[in-house]
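**Student:** mind looking at a prediction? Sequence and model below.
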Amino acid sequence: MSRVLEPGKLTAVCCATEISAEAKGHLLELNKLFEHLEQTDLVFVDSITKSYLEEDKRGHVSTSSASSDFVDKTPEECSQMLFDMCKAGSNINYENFVIYAARSTDDHAVLVAGKEYLVDDTTDQDQGTQLRSVRMGMGLVKDRTLSYLVNGDFREDVVELKAEKMEYFCDAMLGMY
């Protein structure tokens with residue numbers, strides 16, 4: 001007997017580098033679900049053996065380790081690791097997640113990855129999944145991941161970025177700094 005493992009509710013931020021508590025706090029501040037509340041749906045994930053059940057909160061995060069389990073991992077590897085963690089009981093979404101890498105510290109952008117379910121237009125048959133990713137300013141994470149979850153428009157962002165020949169969005173371009 002098989003079952004479908006539903007993705008968890010929290011958006012994982014895979015720590016692919018050491019991230020200071022200050023940088024984590026900044027990302028949490030930019031992605032509050034409601035302006036007047038401190039709540040986000042983000043959780044910083046750096047260990048595959050730890051269980052993640054609640055979102056992280058500003059002022060209650062510590063610097064992540066430079067030896068995180070997610071260092072030098074591809075989006076596909078991160079997705080599989082998150083899936084395995086979800087099977088073990090973590091409340092994290094393994095289909096839509098964020099990767100914070102060394103480059104993120106310099107350009108204030110993160111890699112957002114999302115799984116698409118492909119269906120044949122003529123037969124309506126399932127054609128499997130494809131993991132896509134796009135770099136974007138840290139302040140866009142909440143809005144875009146919620147949009148991907150509700151509308152499934154991840155492909156539109158990828159196509160738009162390729163059309164504009166942009167490699168990533170930067171907070172400075174969006175007036176965040």
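**Tutor:** Structure received. All of these numbers come straight from a predicted model, not from anything done at the bench.
**Student:** okay, CA-based contacts and neighbour counts for the rest of this
**Tutor:** Noted.
**Student:** isn't residue 138 up against residue 28?
**Tutor:** No: here residue 138 does not reach residue 28: they are 9.3 Å apart, not a contact under C-alpha atoms under 8 Å.
**Student:** after the longest helix that the chain contains comes which helix or strand?
**Tutor:** Secondary structure assigned by DSSP state H gives helix 75-87 as the longest helix of the chain. As assigned by DSSP states H and E, the chain's next helix or strand after helix 75-87 is strand 92-100.
**Student:** what's the average pLDDT for the following helix or strand past that following strand?
**Tutor:** Note on strand 92-100: by DSSP H and E, the next helix or strand toward the C-terminus is helix 102-107. Average pLDDT, helix 102-107: 88.
**Student:** restrict helix 102-107 to CA atoms and write it as CSV.
**Tutor:** The C-alpha trace of helix 102-107 is given here as CSV (Å, rounded to 0.1, in the frame of the first residue of the first chain):
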residue,chain,number,x,y,z
ALA,A,102,27.7,32.0,-0.2
ARG,A,103,26.8,34.2,-3.2
SER,A,104,23.6,35.3,-1.3
THR,A,105,25.7,37.2,1.2
ASP,A,106,27.2,39.3,-1.6
ASP,A,107,24.3,39.9,-3.9
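**Student:** gap between it and the chain center?
**Tutor:** Mean-position distance between helix 102-107 and its chain equals 15 Å (C-alpha atoms, centre = their mean, to the nearest Å).
**Student:** show me which positions of that helix end up buried.
**Tutor:** Using 16 or more other C-alpha atoms under 10 Å as the burial criterion, the residues of helix 102-107 that qualify are 102, 104, 107.
**Student:** more neighbours: residue 138 and residue 28, which one.
**Tutor:** Neighbour tally, residue 138 and residue 28, criterion other C-alpha atoms under 10 Å: the higher count belongs to residue 28, 28 against 25.
**Student:** need the three-state assignment for the more buried one.
**Tutor:** Three-state call for residue 28 (DSSP: H, G, I helix; E, B strand; the rest coil): helix.
**Student:** was I right to think it contacts residue 59?
**Tutor:** No: judged on C-alpha under 8 Å, residue 28 makes no contact with residue 59 at a distance of 9.8 Å.
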